[in-house]
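*Asks:* Predicted model and sequence follow; I will ask about them next.
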Amino acid sequence: MSTEEYKAEEHPVIEPGYTFGSITEKISSIVLTKKTPLGWFIGFGIAFMLLMGLIFTIGLLLFVGVGIWGIMIPVGWGFDIINFVWWIGIGHAGTLISAILLLLRQEWRTSINRFAEAMTLFAVACAGLYPLLHMGRPWLAYWLFPYPNTMAIWPNFKSPLVWDVFAVSTYATVSAMFWFVGLIPDLATLRDRSTNRVGRIIYGMLAMGWRGSTKHWHRYETAYLLLAGLSTPLVVSVHTIVSFDFAVGIIPGWHATIFPPYFVAGAIYAGFAMVLTLAIPIRAVYGLQDFITMRHLQNMAKIMLATGLLVAYGYMMETFTAWYSGNEYEKFMIWNRMTGPYRNMYWALIFCNVLTPNLLWFPKIRNNTIFLFIISIIVSIGMWLERYVIIVVSLSRDFLPSSWGQYHGSPFDWTMFIGTIGLFLTLLFLFVRVLPMISIFEMRTLLPEAEVKHEGEAS
Amino acid sequence: MKKHAIYGLMAEFDDANSLVEAARKAYEEGYRKMDAYSPFPIEALSEAIGFHKNRLPLLVLLGGIFGCLGGYSLCYWVSAIDYPINVGGKPYHSWPSFIPVTFETTILLAALTAVLGMLALNGLPEPYHPVFNVKRFALASRDRFFLCIESTDPKFDRDTTWRFLDQQQPRFVSEVDY
């Protein structure tokens, strides 16, 4: 055990032996090669088939209505909101890696931030579909925004659902801009390296004439830091506002002040699980072990452990508060979660989110990519169950037994959920094929040659 | 015969330190209209060519203030003036409920200003620029470092500037055509 113990200095953020040229070569050739790996086609094919399930379900939904889902009275928020919160939460790790770790000068973030940000964008796209389709008439979605209209009405700004519209649309916009700004210098690299005329034109237009001028870099760095500084409070606010959707209501199990911090911790937890789920196969398939090293996986596992414990504390406090409040509805809610008709969900959730991450205390497990991969999938399932328990259990049995009911997702709930996983993976496969999945220019700055002596220092 | 007009003279270097060194020497020599090109941001480089002014943070602050005031005024005007509705007996102007929207619009406007402001100040998108006429400049986005002294500089002279750049031990010196 002691001989195998992990040492940070043995796992650098980039393996030695690289130059500016070879880093550029290695990352950009994944995109610029004519040959697409067979594995890519297989993966993309499966993802695309799942996406067809989503398109079919949406088509049917628009034709028939939300009745094809399992939602009923009293559970009017079912899979749609569970999946909305799940996807939004997954997105949060991307912003955390790209913004908060940048401000904290954690240079190990460099090789994972690009695809974590892409993951954020695609997860937010999946999340956004649910409330949109839950409206039943998504073509009227623009009614959510305040605009002068002939009906002379306005949104109610005292409603958390309106806050949510602002939070999620701001989050989507800012994440997209952050991602694109980060891509500009790499698009210029692709433009200059592409041997294919169409590629040169497309990458050239996207790079907007970037030429690496030092004056440009100076403003670019300022803009990037400011964006990171703005995204940091933004990401915290988004999941806080998502939790307000519940916490502002009076349903037992929702009306709790612990919701905002506990939702934010849960989001980061779920997000890092998803980054690990994606990073482990990608580095193996594309041979990127030199750039995404064990150090990265270790650090992500540690963040997962820390946020997992925060989430476990949240569950503990929920239970404690229900007992300590002396409120019979709150007490019943917790008892119903543990022993009621959805008890399997609750105990599966405790297994996935409270017990499993504790395996990450052991360096041996953190050093094993297969274990990490399995644990991260269990955590993703656990976070989905968490939202299921919060939403369905609370709604199905509230104050009056005469209004109780039983909810189960319909087959179309499942095709839609699996379909959004297909959408997410399809977008991710396309991204990996046409854009550099690791930030090339930031990787260059990690090399010792990038150190520039300051004035006055002897050469 | 008069030689054709050029944009400037460009020297190519192998590493970041030589570029920064050369840029410093050029500044000491009195050149002001110049720019350096590198495959990644180098903090010392913008100092070396004497580039300090950066108005972006101020613009972003203004964008944020505008978003903040705009967001709050929207909530206030809609809820208290144009369309007052009684929700749960709360006052029409219940400011705590307006904070989330105000916060989001502040961030949104500040972030939009940061991105669009950066692009605008940099003059991007810019489909054509003379430096791309130098064939080897394609390496500026890979592993080479360039210094370009522009012909609009009052001290610029084809021969002396060429000689000056040549003394800095570059790999190549070349003319940049318009």
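*Replies:* Good, I have the coordinates.
*Asks:* in the stretch 351-459 of chain A, which segments are predicted with low confidence?
*Replies:* Along the stretch 351-459 of chain A, segments meeting pLDDT under 70 span A:453-459.
*Asks:* Quick one: end-to-end length of stretch A:390-397, please.
*Replies:* Taking CA to CA, to the nearest Å, stretch A:390-397 runs 12 Å from one end to the other.
*Asks:* Would you mind pulling the contact partners of it?
*Replies:* The contact list for stretch A:390-397, computed with CB atoms under 8 Å, 6 or more residues apart in numbering or on different chains, reads A:74-78, A:81-82, A:246, A:251-254, A:332-333, A:336-337, A:340-342, A:345-346, A:404-407. (Each C-beta comes from the backbone N, C-alpha and C, glycine too.)
*Asks:* Do a quick rundown of the helices in chain B.
*Replies:* Counting by DSSP state H, chain B has these helices, from start to end: B:16-29, B:43-48, B:56-76, B:95-121, B:158-167.
*Asks:* Check the gap between the nearest residue to B:Phe164 once chain neighbours are set aside and B:Asp153 for me.
*Replies:* Leaving out its chain neighbours, the residue that sits closest to B:Phe164 by CB to CB, 6 or more residues apart in numbering or on different chains is B:Glu29, at 6.2 Å. For B:Glu29, the distance to B:Asp153 (CB to CB, to the nearest Å) stands at 10 Å.
*Asks:* More neighbours: those two, which one.
*Replies:* Taking neighbours as other CB atoms under 10 Å in any protein chain shown, B:Glu29 and B:Asp153 compare with B:Asp153 leading, 16 against 12.
*Asks:* List the contacts of that one.
*Replies:* Contacts of B:Asp153 (CB under 8 Å, 6+ apart): B:8, B:31-34.
*Asks:* Kindly report the same for B:Thr105.
*Replies:* Contact analysis of B:Thr105 by CB under 8 Å, 6+ apart lists A:166, A:170, B:67-68, B:70-71, B:74.
*Asks:* Give the buried residues for whichever strand or helix holds A:Gly271.
*Replies:* Using DSSP states H and E, A:Gly271 maps to helix A:259-285. Neighbour counts over helix A:259-285 (16 or more other CB atoms under 10 Å in any protein chain shown) mark A:259-280, A:282-283 as buried.
*Asks:* Domains in chain B, by residue range?
*Replies:* Taking automatic domain parsing as the reference, chain B has its domains at B:6-52+B:128-177, B:56-121.
*Asks:* Could you pull out the helices in the stretch 351-459 of chain A for me?
*Replies:* A:363-366, A:369-388, A:394-396, A:411-434, A:440-444 (DSSP state H, counting those that start in this stretch).
*Asks:* what about the shortest one, distance to the chain center?
*Replies:* The gap between where helix A:394-396 is centred and where its chain is centred comes out at 27 Å by CA atoms, centre = their mean, to the nearest Å.
*Asks:* In stretch B:86-97, which residues are buried?
*Replies:* Applying 16+ other CB under 10 Å to stretch B:86-97 flags B:Ser97 as buried.
*Asks:* Checking it against chain A, do any of its residues make contact.
*Replies:* Yes - using CB under 8 Å from any CB of the partner chain, stretch B:86-97 reaches chain A at B:87-88, B:90, B:94, B:97.
*Asks:* so which of these comes closest to A:Ile88?
*Replies:* Nearest to A:Ile88 among the residues of stretch B:86-97 next to chain A is B:Ser97, at 21.5 Å by CB to CB.
*Asks:* separation between B:Pro170 and chain A?
*Replies:* Distance, B:Pro170 to chain A, using CB to the nearest CB, to the nearest Å: 16 Å.
*Asks:* Contact partners for that residue?
*Replies:* Taking CB under 8 Å, 6+ apart, we find B:Pro170 in contact with B:11-13, B:18, B:22, B:147.
*Asks:* Who wins on neighbours among these?
*Replies:* Within the contacts of B:Pro170, neighbour counts (other CB under 10 Å) peak at B:Leu147, which reaches 32 neighbours.
*Asks:* for that residue, what are its contacts?
*Replies:* B:Leu147 sits next to B:10-11, B:13, B:19, B:22-23, B:26, B:34-37, B:165, B:168, B:170 when contact means CB under 8 Å, 6+ apart.
*Asks:* coming back round to it: in ChimeraX, how would I select just the buried ones from the contacts of B:Thr105?
*Replies:* Buried members of the contacts of B:Thr105, defined by 16+ other CB under 10 Å, are picked up in ChimeraX with:
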select /A:166,170 /B:67,68,71,74
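*Asks:* Many thanks, I have nothing further to ask.
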